[in-house]
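In: the sequence isn't on hand, but the structure is:
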């Protein structure tokens, strides 16, 4: 079973994404509502991937990602950034950080697991 | 897939109901910013607060199938991303009213 960590300060997004991944793919989902909490959960749970919002108060997604890259216990975990910024220039800027992918919000709860699997090359058996 | 669709549909419907008070607060913030703008009193604090609200709405409404709401919130976010020229302030008022109407049609 895949294990995934969702980091987002919006309660609704965490809840919908978690249920979507559990219901459509049977994944085990962990959640965190801030970048700092996400770092701790990632280190403790060692998920297979991290889905993280870009815009969060205090430590945002890109800053959290940089902290993850500096921590050898979690630097190997692929990170997908979630953003509501639709402009290509923003998406290219986020992609250039070295994340596995940049996904657009709002996402479709019925296809989110498929989208993540496709990007990470996971089989969906 | 049918069961999953039904399960997610039910969760989204429940979550939508539960998030209505927050949604109304957010729409009020956008209305207030639009009214402050049109009367020449939009402070930077109010603009940034409204910008953050528009950003959150553009990222969440579509998840609930409210795609028109996402499009309107996106345009508001764009408009609020810098101090708004006076000529564009009526557009902000129109968008705030359109967003409310799109989410809660009479």
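Out: Cool, got the structure. What you see is a predicted model, and the numbers here were worked out from it, not measured in a lab.
In: following element in sequence after the one helix or strand residue B:31 maps to, please.
Out: In this assignment (DSSP states H and E), residue B:31 forms part of helix B:20-38. Downstream of helix B:20-38, the next assigned helix or strand under DSSP H and E is helix B:44-60.
In: the helix or strand where residue A:81 lies pairs with which strands, parallel or anti?
Out: In the assignment (DSSP H and E), residue A:81 maps to strand A:79-83. Sheet pairing of strand A:79-83 (DSSP bridges) gives strand A:49-53 (parallel), strand A:101-104 (parallel).
In: check those for me: which has the lowest mean pLDDT.
Out: The weakest mean pLDDT among those belongs to strand A:101-104, with a mean of 93.
In: buried residues in that one, which are they?
Out: Buried residues in strand A:101-104, counted by 16 or more other CB atoms under 10 Å in any protein chain shown: A:101, A:102, A:103. All C-beta spots, glycine's among them, are computed from the backbone N, C-alpha and C.
In: same question for stretch A:76-88.
Out: A:77, A:78, A:79, A:80, A:81, A:82, A:83, A:84, A:85.
In: which among those residues gets closest to residue A:120?
Out: Using CB to CB, residue A:78 is the member of these that lies nearest residue A:120, at 5.9 Å.
In: so which residues of chain A form helices?
Out: For chain A, the helices defined by DSSP state H cover A:11-25, A:35-45, A:61-69, A:88-95, A:112-120.
In: nearest residue to residue A:98 other than its sequence neighbours?
Out: Nearest non-adjacent residue to residue A:98, counting by CB to CB, 6 or more residues apart in numbering or on different chains: residue A:69, 7.3 Å away.
In: I'd guessed that neighbour sits against residue A:78; true?
Out: No. Contact criterion CB atoms under 8 Å: residue A:69 and residue A:78 do not qualify, at 11.8 Å.
In: which residues touch residue A:122?
Out: When contacts are counted by CB atoms under 8 Å, 6 or more residues apart in numbering or on different chains, residue A:122 is found next to A:2, A:116.
In: show me which residues of chain B sit near chain A.
Out: B:1, B:4-5, B:7-8, B:11-12, B:15, B:19, B:55-56, B:58-63, B:70, B:74, B:77 (CB under 8 Å from any CB of the partner chain).
In: narrow these to those that are buried.
Out: For these, buried by 16+ other CB under 10 Å: B:4, B:8, B:11-12, B:15, B:19, B:55-56, B:58-63, B:70, B:74, B:77.
In: list the helices and strands the least confident helix or strand in chain B by mean pLDDT packs on?
Out: Of all helical and strand segments in chain B, the minimum by mean pLDDT, DSSP states H and E falls on helix B:2-18, at a mean of 88. Where contact means 3 or more CB pairs under 8 Å, 6 or more residues apart in numbering or on different chains; DSSP states H and E, helix B:2-18 is packed against helix A:11-25.
In: and the helix it packs on, what's its mean pLDDT?
Out: pLDDT averaged over helix A:11-25 gives 93.
In: buried sites along it?
Out: A:12-25.
In: stretch A:16-32: how far from the chain's middle?
Out: 12 Å (CA atoms, centre = their mean, to the nearest Å).
In: what about it, start to end distance?
Out: End-to-end distance for stretch A:16-32: 14 Å, by CA to CA, to the nearest Å.
In: is it anywhere near chain B?
Out: Yes. Applying CB under 8 Å from any CB, one finds stretch A:16-32 in contact with chain B at A:16, A:19, A:20, A:23, A:24.
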